[in-house]
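Chemist: with the input below, show me the fold.
(one chain, ligands or ions: 1)
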Amino acid sequence: MLIDVNNLSKQFTYHKKEPGLKSSVSNLFRRERLVKHAVKNITFSIDEGEIVGFLGPNGAGKTTTLKMLSGIMYPTSGEAKVAGYVPWERKKKLKQQFSIVMGQKSQLWWDLPAIESLNLNKYIYEIEEAAFRQSVSDLTDLLDVKELLNVQVRRLSLGERMKLELIAALIHKPKILFLDEPTIGLDIISQKKLRDSIKEYNRKEKTTIILTSHYMEDIEELCSRLIVINEGVIAYDGELDKVNELFNQKKRLNLQFSDSITRDALTNYGTIIDFDSYSATIEIDRDKQKAHLRAMLEVLPISDFNIGDIPIEEGIRLLYERGDS
Ligand SMILES: Nc1ncnc2c1ncn2[C@@H]1O[C@H](COP(=O)(O)OP(=O)(O)OP(=O)(O)O)[C@@H](O)[C@H]1O
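Modeler: Numbering: from 1, shown residues only. Just a heads-up that it's a prediction; the model follows:
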(Lines give C-alpha, C1' and ligand atoms only; values in the text may rest on other atoms or scores of the structure.)
Protein backbone atom coordinates (compact mmCIF):
# COMPACT_ATOMS: atom_id res chain seq x y z
CA MET A 1 0.00 0.00 0.00
CA LEU A 2 1.29 3.43 -0.86
CA ILE A 3 -0.63 5.23 1.87
CA ASP A 4 -1.40 3.53 5.18
CA VAL A 5 -3.23 5.39 7.90
CA ASN A 6 -3.85 3.77 11.24
CA ASN A 7 -5.95 5.24 14.05
CA LEU A 8 -4.84 8.75 13.22
CA SER A 9 -6.19 11.53 15.43
CA LYS A 10 -5.71 15.27 15.75
CA GLN A 11 -6.92 17.43 18.58
CA PHE A 12 -6.52 21.18 18.68
CA THR A 13 -6.45 22.95 22.01
CA TYR A 14 -7.32 26.58 22.08
CA HIS A 15 -8.52 29.18 24.54
CA LYS A 16 -11.96 30.60 24.66
CA LYS A 17 -12.04 34.32 24.09
CA GLU A 18 -15.16 36.35 24.82
CA PRO A 19 -15.37 39.77 23.19
CA GLY A 20 -14.82 42.88 25.27
CA LEU A 21 -12.16 44.44 27.47
CA LYS A 22 -13.47 42.99 30.73
CA SER A 23 -13.16 39.45 29.48
CA SER A 24 -9.72 40.20 28.00
CA VAL A 25 -8.56 41.22 31.47
CA SER A 26 -10.12 38.21 33.18
CA ASN A 27 -8.67 36.03 30.42
CA LEU A 28 -5.24 37.05 31.62
CA PHE A 29 -5.87 35.24 34.87
CA ARG A 30 -8.12 32.36 33.99
CA ARG A 31 -8.37 31.08 30.45
CA GLU A 32 -10.89 28.46 29.53
CA ARG A 33 -9.17 25.71 27.58
CA LEU A 34 -11.15 24.08 24.79
CA VAL A 35 -10.34 20.96 22.81
CA LYS A 36 -11.45 20.32 19.24
CA HIS A 37 -11.27 16.73 18.03
CA ALA A 38 -10.77 17.50 14.35
CA VAL A 39 -9.84 13.94 13.30
CA LYS A 40 -10.81 10.92 15.36
CA ASN A 41 -9.07 7.58 14.93
CA ILE A 42 -9.27 7.31 11.17
CA THR A 43 -7.90 4.24 9.41
CA PHE A 44 -7.62 3.65 5.66
CA SER A 45 -5.12 2.65 3.02
CA ILE A 46 -4.69 3.63 -0.60
CA ASP A 47 -2.98 1.59 -3.29
CA GLU A 48 -0.62 2.75 -6.01
CA GLY A 49 -2.44 4.30 -8.96
CA GLU A 50 -5.77 4.80 -7.22
CA ILE A 51 -7.73 8.04 -7.61
CA VAL A 52 -9.66 8.50 -4.40
CA GLY A 53 -12.23 11.20 -3.76
CA PHE A 54 -11.82 12.60 -0.27
CA LEU A 55 -15.04 14.32 0.62
CA GLY A 56 -16.90 15.79 3.54
CA PRO A 57 -18.78 18.90 4.57
CA ASN A 58 -16.95 22.05 5.73
CA GLY A 59 -15.03 21.47 8.94
CA ALA A 60 -15.16 17.67 8.58
CA GLY A 61 -11.40 17.21 8.99
CA LYS A 62 -10.23 16.87 5.36
CA THR A 63 -7.57 19.58 5.41
CA THR A 64 -6.32 18.42 8.81
CA THR A 65 -5.93 14.85 7.48
CA LEU A 66 -4.20 16.00 4.30
CA LYS A 67 -1.88 18.26 6.31
CA MET A 68 -0.84 15.29 8.44
CA LEU A 69 -0.31 13.11 5.37
CA SER A 70 1.77 15.78 3.69
CA GLY A 71 3.88 16.23 6.82
CA ILE A 72 2.86 19.83 7.55
CA MET A 73 1.16 18.84 10.79
CA TYR A 74 1.90 16.41 13.61
CA PRO A 75 -0.92 14.12 14.71
CA THR A 76 -1.99 13.87 18.34
CA SER A 77 -1.90 10.08 18.08
CA GLY A 78 -1.87 7.29 15.53
CA GLU A 79 0.33 6.26 12.65
CA ALA A 80 0.70 6.91 8.95
CA LYS A 81 3.08 5.78 6.25
CA VAL A 82 3.25 7.48 2.88
CA ALA A 83 5.41 5.75 0.28
CA GLY A 84 7.12 3.98 3.19
CA TYR A 85 7.87 7.17 5.16
CA VAL A 86 6.32 8.73 8.24
CA PRO A 87 5.22 12.03 6.70
CA TRP A 88 5.78 14.33 9.70
CA GLU A 89 9.42 13.22 9.89
CA ARG A 90 9.73 15.29 6.73
CA LYS A 91 12.35 13.25 4.95
CA LYS A 92 13.63 14.71 1.69
CA LYS A 93 12.99 11.41 -0.08
CA LEU A 94 9.30 11.67 0.69
CA LYS A 95 9.07 15.30 -0.42
CA GLN A 96 10.36 14.18 -3.79
CA GLN A 97 7.53 11.70 -4.18
CA PHE A 98 4.81 14.05 -3.28
CA SER A 99 2.95 17.04 -4.70
CA ILE A 100 -0.03 19.27 -3.94
CA VAL A 101 -2.14 21.36 -6.28
CA MET A 102 -4.57 23.77 -4.68
CA GLY A 103 -7.17 25.44 -6.86
CA GLN A 104 -7.20 28.44 -4.54
CA LYS A 105 -3.45 28.94 -4.24
CA SER A 106 -0.75 29.36 -6.82
CA GLN A 107 2.71 27.91 -6.67
CA LEU A 108 3.80 29.74 -9.81
CA TRP A 109 5.67 33.03 -9.77
CA TRP A 110 3.05 35.55 -10.77
CA ASP A 111 5.30 38.04 -12.57
CA LEU A 112 7.43 35.54 -14.44
CA PRO A 113 6.68 33.09 -17.23
CA ALA A 114 5.80 29.60 -15.96
CA ILE A 115 9.00 28.14 -17.37
CA GLU A 116 10.92 30.03 -14.64
CA SER A 117 8.88 28.32 -11.92
CA LEU A 118 9.52 24.99 -13.62
CA ASN A 119 13.25 25.76 -13.64
CA LEU A 120 13.10 26.48 -9.93
CA ASN A 121 11.35 23.16 -9.30
CA LYS A 122 14.00 21.44 -11.37
CA TYR A 123 16.56 22.81 -8.97
CA ILE A 124 14.53 22.06 -5.80
CA TYR A 125 13.79 18.48 -6.82
CA GLU A 126 17.24 17.95 -8.31
CA ILE A 127 15.90 16.78 -11.67
CA GLU A 128 18.49 16.03 -14.32
CA GLU A 129 18.46 18.17 -17.46
CA ALA A 130 17.41 15.44 -19.90
CA ALA A 131 14.66 14.10 -17.61
CA PHE A 132 13.45 17.66 -17.02
CA ARG A 133 13.22 18.41 -20.73
CA GLN A 134 11.36 15.18 -21.33
CA SER A 135 8.90 15.92 -18.51
CA VAL A 136 8.25 19.47 -19.76
CA SER A 137 7.71 18.19 -23.27
CA ASP A 138 5.39 15.33 -22.23
CA LEU A 139 3.34 17.46 -19.87
CA THR A 140 2.97 20.45 -22.17
CA ASP A 141 1.84 18.03 -24.89
CA LEU A 142 -0.65 16.36 -22.59
CA LEU A 143 -2.12 19.67 -21.44
CA ASP A 144 -1.70 21.41 -24.78
CA VAL A 145 0.08 24.49 -23.42
CA LYS A 146 3.44 24.43 -25.21
CA GLU A 147 3.13 27.99 -26.41
CA LEU A 148 2.19 29.30 -22.94
CA LEU A 149 5.40 28.43 -21.12
CA ASN A 150 6.95 31.80 -21.88
CA VAL A 151 3.95 33.95 -21.08
CA GLN A 152 3.95 35.88 -17.83
CA VAL A 153 1.69 33.91 -15.46
CA ARG A 154 -0.45 36.90 -14.52
CA ARG A 155 -1.52 37.21 -18.17
CA LEU A 156 -2.88 33.66 -18.38
CA SER A 157 -6.53 32.75 -18.03
CA LEU A 158 -7.48 30.76 -14.93
CA GLY A 159 -7.85 27.58 -16.98
CA GLU A 160 -4.44 28.03 -18.60
CA ARG A 161 -2.84 28.79 -15.26
CA MET A 162 -4.31 25.67 -13.65
CA LYS A 163 -2.79 23.54 -16.41
CA LEU A 164 0.60 25.07 -15.71
CA GLU A 165 0.10 24.62 -11.96
CA LEU A 166 -0.46 20.95 -12.68
CA ILE A 167 2.71 20.78 -14.77
CA ALA A 168 4.72 22.46 -11.98
CA ALA A 169 3.35 19.87 -9.55
CA LEU A 170 4.13 16.91 -11.80
CA ILE A 171 7.49 17.91 -13.20
CA HIS A 172 9.37 15.70 -10.73
CA LYS A 173 7.03 12.73 -11.34
CA PRO A 174 5.67 12.41 -7.82
CA LYS A 175 4.13 9.11 -6.79
CA ILE A 176 1.40 10.88 -4.86
CA LEU A 177 -0.62 13.92 -5.83
CA PHE A 178 -3.11 15.81 -3.66
CA LEU A 179 -5.55 17.77 -5.72
CA ASP A 180 -7.51 20.22 -3.63
CA GLU A 181 -10.39 21.70 -5.61
CA PRO A 182 -8.36 21.76 -8.84
CA THR A 183 -11.24 22.85 -11.05
CA ILE A 184 -12.64 25.59 -8.83
CA GLY A 185 -13.76 28.61 -10.80
CA LEU A 186 -13.10 27.05 -14.19
CA ASP A 187 -15.71 27.07 -16.92
CA ILE A 188 -17.28 23.74 -17.84
CA ILE A 189 -15.08 23.12 -20.87
CA SER A 190 -11.84 23.89 -19.01
CA GLN A 191 -12.98 21.67 -16.14
CA LYS A 192 -13.55 18.83 -18.56
CA LYS A 193 -10.18 19.32 -20.25
CA LEU A 194 -8.35 19.35 -16.93
CA ARG A 195 -10.15 16.19 -15.80
CA ASP A 196 -9.31 14.42 -19.06
CA SER A 197 -5.65 15.32 -18.67
CA ILE A 198 -5.57 14.15 -15.05
CA LYS A 199 -7.21 10.87 -16.05
CA GLU A 200 -4.79 10.34 -18.90
CA TYR A 201 -1.79 11.16 -16.73
CA ASN A 202 -2.93 8.75 -14.02
CA ARG A 203 -3.42 6.00 -16.60
CA LYS A 204 0.09 6.48 -17.95
CA GLU A 205 2.08 7.18 -14.81
CA LYS A 206 0.05 5.30 -12.16
CA THR A 207 0.30 8.28 -9.84
CA THR A 208 -1.85 7.94 -6.74
CA ILE A 209 -4.27 10.85 -6.49
CA ILE A 210 -6.33 12.10 -3.59
CA LEU A 211 -8.92 14.55 -4.81
CA THR A 212 -11.19 16.92 -2.97
CA SER A 213 -13.78 18.75 -4.99
CA HIS A 214 -17.20 20.25 -4.63
CA TYR A 215 -17.98 19.43 -8.24
CA MET A 216 -19.75 16.11 -8.62
CA GLU A 217 -18.51 15.77 -12.21
CA ASP A 218 -14.91 15.72 -10.95
CA ILE A 219 -15.72 12.96 -8.52
CA GLU A 220 -17.86 10.90 -10.89
CA GLU A 221 -15.43 11.10 -13.78
CA LEU A 222 -12.18 10.62 -11.91
CA CYS A 223 -12.75 8.57 -8.79
CA SER A 224 -13.74 4.97 -8.53
CA ARG A 225 -13.39 5.09 -4.77
CA LEU A 226 -14.68 7.52 -2.21
CA ILE A 227 -13.66 8.24 1.36
CA VAL A 228 -16.20 10.40 3.13
CA ILE A 229 -15.21 12.05 6.36
CA ASN A 230 -17.65 13.73 8.66
CA GLU A 231 -17.07 15.26 12.09
CA GLY A 232 -13.62 13.71 12.10
CA VAL A 233 -14.69 10.13 11.45
CA ILE A 234 -14.92 8.09 8.28
CA ALA A 235 -18.55 7.86 7.28
CA TYR A 236 -17.89 5.84 4.12
CA ASP A 237 -14.97 4.15 2.40
CA GLY A 238 -15.85 2.19 -0.70
CA GLU A 239 -16.68 2.20 -4.36
CA LEU A 240 -18.39 5.28 -5.73
CA ASP A 241 -20.88 3.06 -7.54
CA LYS A 242 -21.95 1.46 -4.29
CA VAL A 243 -22.86 4.71 -2.55
CA ASN A 244 -26.46 4.43 -3.60
CA GLU A 245 -26.77 0.84 -2.45
CA LEU A 246 -26.53 2.10 1.09
CA PHE A 247 -29.63 4.13 0.50
CA ASN A 248 -31.49 1.73 -1.69
CA GLN A 249 -34.44 1.83 0.66
CA LYS A 250 -35.34 4.97 -1.32
CA LYS A 251 -36.30 5.33 -4.98
CA ARG A 252 -37.07 8.33 -7.12
CA LEU A 253 -40.28 8.35 -9.12
CA ASN A 254 -40.73 10.79 -12.00
CA LEU A 255 -44.34 11.36 -12.99
CA GLN A 256 -46.01 13.12 -15.92
CA PHE A 257 -49.67 14.07 -15.78
CA SER A 258 -52.15 14.58 -18.60
CA ASP A 259 -54.13 17.03 -16.43
CA SER A 260 -52.91 19.45 -13.84
CA ILE A 261 -52.90 18.19 -10.27
CA THR A 262 -52.28 19.83 -6.91
CA ARG A 263 -49.22 19.28 -4.77
CA ASP A 264 -51.46 18.01 -1.96
CA ALA A 265 -52.52 15.07 -4.11
CA LEU A 266 -48.98 13.64 -3.81
CA THR A 267 -48.09 14.24 -0.18
CA ASN A 268 -49.34 10.85 1.05
CA TYR A 269 -47.02 8.90 -1.25
CA GLY A 270 -43.58 10.22 -0.44
CA THR A 271 -41.31 13.26 -0.21
CA ILE A 272 -41.88 15.73 -3.03
CA ILE A 273 -38.55 16.70 -4.61
CA ASP A 274 -39.86 18.66 -7.55
CA PHE A 275 -43.33 19.72 -8.56
CA ASP A 276 -45.24 21.61 -11.19
CA SER A 277 -48.87 20.87 -12.02
CA TYR A 278 -48.03 18.58 -14.95
CA SER A 279 -44.98 16.76 -13.62
CA ALA A 280 -43.41 15.79 -10.32
CA THR A 281 -40.54 13.90 -8.78
CA ILE A 282 -41.11 12.16 -5.49
CA GLU A 283 -38.90 10.01 -3.31
CA ILE A 284 -40.63 6.91 -2.04
CA ASP A 285 -39.73 4.02 0.25
CA ARG A 286 -38.53 1.14 -1.85
CA ASP A 287 -40.75 -1.43 -0.16
CA LYS A 288 -43.82 0.72 -0.75
CA GLN A 289 -43.13 1.62 -4.36
CA LYS A 290 -45.46 -0.95 -5.94
CA ALA A 291 -48.40 -0.27 -3.67
CA HIS A 292 -48.02 3.49 -3.97
CA LEU A 293 -47.63 3.42 -7.71
CA ARG A 294 -50.73 1.27 -8.07
CA ALA A 295 -52.70 3.64 -5.84
CA MET A 296 -51.48 6.69 -7.74
CA LEU A 297 -52.30 5.17 -11.13
CA GLU A 298 -55.86 4.71 -9.94
CA VAL A 299 -56.49 8.22 -8.69
CA LEU A 300 -54.12 10.51 -10.61
CA PRO A 301 -54.05 11.34 -14.35
CA ILE A 302 -50.61 9.78 -14.87
CA SER A 303 -49.54 9.75 -18.53
CA ASP A 304 -45.98 8.49 -18.01
CA PHE A 305 -43.60 7.54 -15.22
CA ASN A 306 -40.18 6.11 -14.52
CA ILE A 307 -38.44 4.85 -11.41
CA GLY A 308 -34.75 5.43 -10.70
CA ASP A 309 -32.14 5.44 -7.97
CA ILE A 310 -31.53 8.53 -5.94
CA PRO A 311 -28.75 10.59 -7.61
CA ILE A 312 -25.22 9.94 -6.40
CA GLU A 313 -25.01 13.53 -5.19
CA GLU A 314 -27.94 12.90 -2.89
CA GLY A 315 -26.29 9.68 -1.69
CA ILE A 316 -23.18 11.61 -0.76
CA ARG A 317 -25.23 14.21 1.07
CA LEU A 318 -26.84 11.44 3.08
CA LEU A 319 -23.37 10.08 3.82
CA TYR A 320 -22.37 13.49 5.15
CA GLU A 321 -25.17 13.19 7.65
CA ARG A 322 -23.90 9.88 9.01
CA GLY A 323 -20.67 10.20 10.99
CA ASP A 324 -20.42 9.92 14.68
CA SER A 325 -20.28 13.03 16.79
N1 LIG B 1 -5.55 25.35 14.40
C2 LIG B 1 -6.79 25.01 14.77
N3 LIG B 1 -7.24 25.30 16.03
C4 LIG B 1 -8.50 24.95 16.41
N5 LIG B 1 -9.38 24.29 15.62
C6 LIG B 1 -8.99 23.99 14.37
C7 LIG B 1 -7.67 24.33 13.87
N8 LIG B 1 -7.58 23.90 12.58
C9 LIG B 1 -8.76 23.32 12.30
N10 LIG B 1 -9.61 23.37 13.36
C11 LIG B 1 -10.97 22.82 13.42
O12 LIG B 1 -10.93 21.45 13.10
C13 LIG B 1 -12.08 21.08 12.33
C14 LIG B 1 -11.65 20.42 11.02
O15 LIG B 1 -11.05 21.40 10.18
P16 LIG B 1 -10.55 21.10 8.69
O17 LIG B 1 -9.91 22.35 8.21
O18 LIG B 1 -9.74 19.86 8.70
O19 LIG B 1 -11.91 20.84 7.93
P20 LIG B 1 -12.18 20.59 6.36
O21 LIG B 1 -12.90 19.29 6.26
O22 LIG B 1 -10.93 20.73 5.60
O23 LIG B 1 -13.17 21.77 6.03
P24 LIG B 1 -13.30 22.73 4.72
O25 LIG B 1 -14.04 21.93 3.69
O26 LIG B 1 -14.13 23.85 5.27
O27 LIG B 1 -11.93 23.14 4.32
C28 LIG B 1 -12.90 22.35 12.13
O29 LIG B 1 -13.93 22.37 13.09
C30 LIG B 1 -11.89 23.45 12.40
O31 LIG B 1 -12.53 24.59 12.94
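
Chemist: residues from the stretch 1-150 of the chain in reach of the ligand?
Modeler: Counting by CB under 6 Å from any ligand atom, the stretch 1-150 of the chain comes close to the ligand at 12, 14, 36, 38, 56, 58-64. Yep, even glycine has a C-beta here, placed from its N, CA and C like the rest.

Chemist: and these, which two are the farthest apart?
Modeler: Farthest apart among these by CB to CB are 14 and 56. That separation is 21.3 Å.

Chemist: of these two, who's got more company?
Modeler: Under the criterion of other CB atoms under 10 Å, the comparison of residue 14 against residue 56 puts residue 56 first, with 25 against 11.

Chemist: for the nearest residue to the more buried one once chain neighbours are set aside, which three-state class applies?
Modeler: Excluding its sequence neighbours, the residue lying closest to residue 56 (CB to CB, 6 or more residues apart in numbering) is residue 229, at 4.1 Å. State at residue 229, reduced to three classes by DSSP: H, G, I helix; E, B strand; the rest coil: strand.

Chemist: residues contacting residue 229?
Modeler: Neighbouring residues of residue 229 by CB atoms under 8 Å, 6 or more residues apart in numbering: 39, 42, 54-56, 60-62, 65, 235, 323.

Chemist: quick check: domain ranges of the protein?
Modeler: Split into domains by automatic domain parsing, the chain comes to 3-243, 249-308.

Chemist: would CSV of the contacts of residue 229 with secondary structure be doable?
Modeler: Listed next are the contacts of residue 229 as CSV, based on three-state DSSP:
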residue, secondary structure
39, strand
42, strand
54, strand
55, strand
56, coil
60, coil
61, coil
62, helix
65, helix
235, strand
323, coil
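
Chemist: which of the residues you listed sits closest to residue 214?
Modeler: residue 55 (8.7 Å).

Chemist: show me what the nearest residue in space to the closest one that is not next to it in sequence bridges to in the sheet.
Modeler: Counting by CB to CB, 6+ apart, residue 55 lies nearest to residue 228, which is 5.2 Å off, once chain neighbours are set aside. With DSSP bridges applied, residue 228 shows beta-bridge pairing to residue 55, residue 236.

Chemist: how deep is residue 228 tucked in, by neighbour count?
Modeler: Residues lying near residue 228 (other CB under 10 Å) number 25.

Chemist: do you know the pLDDT at it?
Modeler: With respect to pLDDT, residue 228 has a value of 93.
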